[in-house]
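Trainee: this is a predicted model, with the sequence first.
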Amino acid sequence: TMGLALADEQVRDLEARTDGWVGGLQLAALALREPNSRARVLAAFSGTHRFVADYFADQVFERMPAPLAAFVLQTAILTRLSGELCDAVLGDSALPVPTGRAQATLETLERTNLFLLPLDDQRAWYRYHPLFADMARERLRQRVAADRIATLHLHASEWWEQHDDLGAAVDHALAAGAHERAADLIEARALDFMAGAGGLEGWLAELPPALWQ
């Protein structure tokens with residue numbers, strides 16, 4: 001309807017980036033009408049694009065109670081969310097988050113259509129809409145100290161280790177800059193990772209050379 005002659009591959013890419021969200025597709029279409037290379041716009045289109053970020057800021061975040069906004073910002077580091085995991089990540093938060101009852105908070109976010117999607121029929125696991133998660137992580141980076149963000153990742157890494165998902169534990173350790181912890185996790189399960197249980201080569205590339213000795 002906006003007269004954009006996109007190739008099928010570009011349409012599929014855009015659908016994947018917006019997760020099929022009509023509002024996101026409309027914002028992407030507006031961005032594609034600007035005098036820039038379409039390929040460049042499509043490659044860079046994410047939740048940090050100014051059209052998307054402004055929409056979320058004006059229509060979502062500015063209307064959230066402060067504790068709920070703080071909850072979303074800090075849990076946006078997670079690709080999958082459960083009540084227990086969120087409680088573990090936010091256990092010592094200095095921000096006014098509704099700790100100790102993350103499951104109820106997640107159900108509230110889903111019920112009010114705040115870009116949280118269930119991953120199962122039991123409402124045990126959720127994920128944020130990818131554009132919303134992009135924006136929230138960037139907002140977190142701008143507003144929260146780097147050491148606090150690292151602490152969130154460390155909590156997530158510890159929780160995943162305790163629940164036997166070493167891949168997620170390594171990812172969060174690396175995101176926290178905890179290279180020695182990541183190396184220890186990789187070493188402990190090296191054979192599993194070599195057999196295809198995780199992105200071993202990518203992880204090793206992120207470790208400082210000193211840890212290879």
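Mentor: Received it, and whenever you're ready, just let me know what you need.
Trainee: so where's the protein uncertain?
Mentor: 1-4, 20-51, 92-100, 189-204, 212-213 (pLDDT under 70).
Trainee: helices along that one, start to end?
Mentor: In chain order, the chain shows helices spanning 8-18, 22-32, 38-44, 50-59, 66-75, 83-89, 102-111, 130-143, 146-162, 166-175, 179-188, 190-192, 200-206, with DSSP state H as the criterion.
Trainee: who does the first one touch, helix- and strand-wise?
Mentor: Secondary-structure packing of helix 8-18 (3 or more C-beta pairs under 8 Å, 6 or more residues apart in numbering; DSSP states H and E): helix 22-32, helix 38-44, helix 130-143. Backbone N, C-alpha and C define where each C-beta goes, glycine included.
Trainee: how about that helix: buried residues?
Mentor: Under the neighbour-count criterion of 16 or more other C-beta atoms under 10 Å, helix 8-18 has 14, 17-18 buried.
Trainee: what's the answer for stretch 167-180, then?
Mentor: Buried positions in stretch 167-180, judged by neighbour count with 16+ other C-beta under 10 Å: 167-176, 178.
Trainee: okay, these in a markdown table with distance to W160 next?
Mentor: What follows is the buried residues of stretch 167-180, written out as a markdown table (distance: C-beta to C-beta, whole Å):
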| residue | distance to W160 |
| --- | --- |
| G167 | 8 |
| A168 | 4 |
| A169 | 4 |
| V170 | 9 |
| D171 | 8 |
| H172 | 7 |
| A173 | 9 |
| L174 | 12 |
| A175 | 12 |
| A176 | 12 |
| A178 | 13 |
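Trainee: closest to W125 out of the residues you listed?
Mentor: A168 (12.4 Å; C-beta to C-beta).
Trainee: count the neighbours of E187 for me.
Mentor: A count of nearby residues for E187, using other C-beta atoms under 10 Å, gives 10.
Trainee: actually L78, not the one I typed
Mentor: Using other C-beta under 10 Å, L78 has 22 other residues around it.
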